[in-house]
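1. A predicted structure for the sequence below; I have some questions about it.
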Amino acid sequence: MTTKIIMDTDPGIDDAAALTMAINDPSIDLKLVTAVAGNVTVDKTTANALKIVHFFGKDIPVAAGAEQPLIKPFEDAARIHGESGMPGYDFGTDYGQPIKQTAVEALHDAIMAEDEVTLVPTGSYTNIALLLSEYPEVKSHIKRIVAMGGSMSGGNMTSVAEFNVFTDPDAARIMYNSGIPIVMVGLDVTLKALLTKDTIEKLGQMNKTGEMLHALITHYNDGSDEGRPMHDVNTIFYLLHPEAFTTKKMWVDVQTEGPAIGATVGDVRAAYHDGKTNAEVCLDIDADYFNKWFLDEVSKMN
């Protein structure tokens, strides 16, 4: 049985790896890819999504989305992902065009065409917030949202804010207050599930897909001597192997102003929301299993 998903993304090197997994795993049916401004500008994230889809010869529609956050000024992550967002590999120039629909229109139509679908946002949540605000009727067709972003243990933009939520905190607040079941796949796990040097080296010796990923990952300005985080890939890993994660249900609030803007604040004691929860928060992960799974997935790809 396959899981129907839609990815809303901002490629980005780790997004490219997440798309690679979602496109190729037979347990996942990727219906649509929508792009948003995040790691780089939306024209570049759209082109990068098209490049990955074309690389695998798939006929998956790609739609361009929001150029900027709802309110907060846009701040990209080109310092991490390079000016193009996906440096290191030549995808050529013939990789197709996005569909004419906007991301919000395409999301609406794709969601309403299914009894239920899982949304997997791996960039800022601007497109998702616009969708939920303009077309609230989609909520009953969304099984859940498995979102990369947030943190209960410290940020990577400030001491408390993770990049995706920091980029558009107002959109994140709309998403977390939507009533849709949410799985938060944040820095608490993505900074533990590092691709080791050994894993990265093996990728380059594996096949054409491995060579492509190796080229991108070795141009990724994130990580340490211990390895490199593939933040967004953790969403796909969760969909396929939730048993590899330790999670806790809690209420998550998003700070939208002040020095803590972009912080995700968890009611860890269930003390302030009458026992209600709005998210299942991933707190720990089997990093060894993640590395093994990553290599196994890529080994099966042509």
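-> Noted; the coordinates are in hand.

2. with adjacent residues omitted, what lies nearest to the residue nearest the centre of the chain?
-> The chain has residue 122 as the residue nearest its centroid, 1.6 Å off, counting by Cα atoms, centre = their mean. Ranked by Cβ to Cβ, 6 or more residues apart in numbering and with sequence neighbours excluded, the top spatial neighbour of residue 122 is residue 232, at 3.8 Å. From N, CA and C alone the C-beta is placed, and that goes for glycine too.

3. how about the strands in the stretch 51-200 of the chain?
-> Taking DSSP state E, counting those that start in this stretch as the criterion, the stretch 51-200 of the chain contains strands spanning 62-64, 117-121, 142-148, 182-185, 194-195.

4. can you list these in a markdown table and add mean pLDDT, distance to residue 228 and mean neighbour count?
-> Formatted as a markdown table, these follow (pLDDT from 0 to 100; distance: least, Cβ to Cβ, whole Å; neighbours: other Cβ atoms under 10 Å):
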| stretch | mean pLDDT | distance to residue 228 | mean neighbour count |
| --- | --- | --- | --- |
| strand 62-64 | 98 | 26 | 26 |
| strand 117-121 | 98 | 21 | 26 |
| strand 142-148 | 98 | 15 | 23 |
| strand 182-185 | 98 | 17 | 26 |
| strand 194-195 | 94 | 5 | 23 |
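
5. indicate which one of these is closest to residue 95.
-> Nearest of the strands of the stretch 51-200 of the chain to residue 95, taken as Cβ to Cβ: strand 62-64 at 9.6 Å.

6. helices along this protein, start to end?
-> Along the chain, counting by DSSP state H, helices occupy 13-24, 42-55, 78-81, 103-112, 126-134, 163-167, 169-176, 187-190, 197-203, 208-217, 233-240, 287-299.

7. which parts of the longest one are buried?
-> Spelled out, it's helix 42-55. Buried positions in helix 42-55, judged by neighbour count with 16 or more other Cβ atoms under 10 Å: 42, 44-55.

8. got CSV for the strands of the stretch 51-200 of the chain, with distance to residue 206 too?
-> Below are those laid out as CSV (distance: least, Cβ to Cβ, whole Å):
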stretch, distance to residue 206
strand 62-64, 26
strand 117-121, 25
strand 142-148, 25
strand 182-185, 25
strand 194-195, 13
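
9. check contacts around the residue nearest to the centre of the chain.
-> Applying Cβ atoms under 8 Å, 6 or more residues apart in numbering to residue 122 gives the contacts 7-10, 12, 14-15, 18, 147-148, 164, 231-232, 235.

10. so which of the strands of the stretch 51-200 of the chain is nearest residue 251?
-> strand 182-185 (10.8 Å).

11. where does this structure have low pLDDT?
-> Where the chain drops to pLDDT under 70, the residues are 223.

12. can you list the buried residues in stretch 245-264?
-> Buried residues in stretch 245-264 (16+ other Cβ under 10 Å): 245, 247-248, 250-256, 261-264.

13. got TSV for those residues, with distance to residue 202 too?
-> As requested, the buried residues of stretch 245-264 are exported to TSV (distance: Cβ to Cβ, whole Å):
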residue	distance to residue 202
245	24
247	29
248	33
250	37
251	41
252	36
253	41
254	38
255	41
256	43
261	40
262	35
263	37
264	34
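
14. for those, which one is nearest residue 72?
-> For these, the nearest to residue 72 is residue 261 (7.4 Å; Cβ to Cβ).

15. distance of the nearest residue to residue 218 once chain neighbours are set aside relative to residue 81?
-> Closest residue to residue 218 apart from its sequence neighbours, by Cβ to Cβ, 6+ apart: residue 88 at 6.4 Å. Distance check for residue 88 against residue 81: by Cβ to Cβ, to the nearest Å, it reads 10 Å.

16. looking at the two, which is more packed in?
-> Under the criterion of other Cβ atoms under 10 Å, the comparison of residue 88 against residue 81 puts residue 81 first, with 29 against 16.

17. is that one in contact with residue 231, as I believe?
-> No. Contact criterion Cβ atoms under 8 Å: residue 81 and residue 231 do not qualify, at 11.3 Å.

18. and the end-to-end length of stretch 227-245?
-> With Cα to Cα, to the nearest Å as the measure, stretch 227-245 spans 19 Å from end to end.

19. that stretch: how far from the chain's middle?
-> 10 Å (Cα atoms, centre = their mean, to the nearest Å).

20. residue 281 bridge partners, please.
-> With DSSP bridges as the criterion, the beta-bridge partners of residue 281 are residue 184, residue 248.

21. now the one 4 residues further on
-> Residues in a beta bridge with residue 285, per DSSP bridges, are residue 245.
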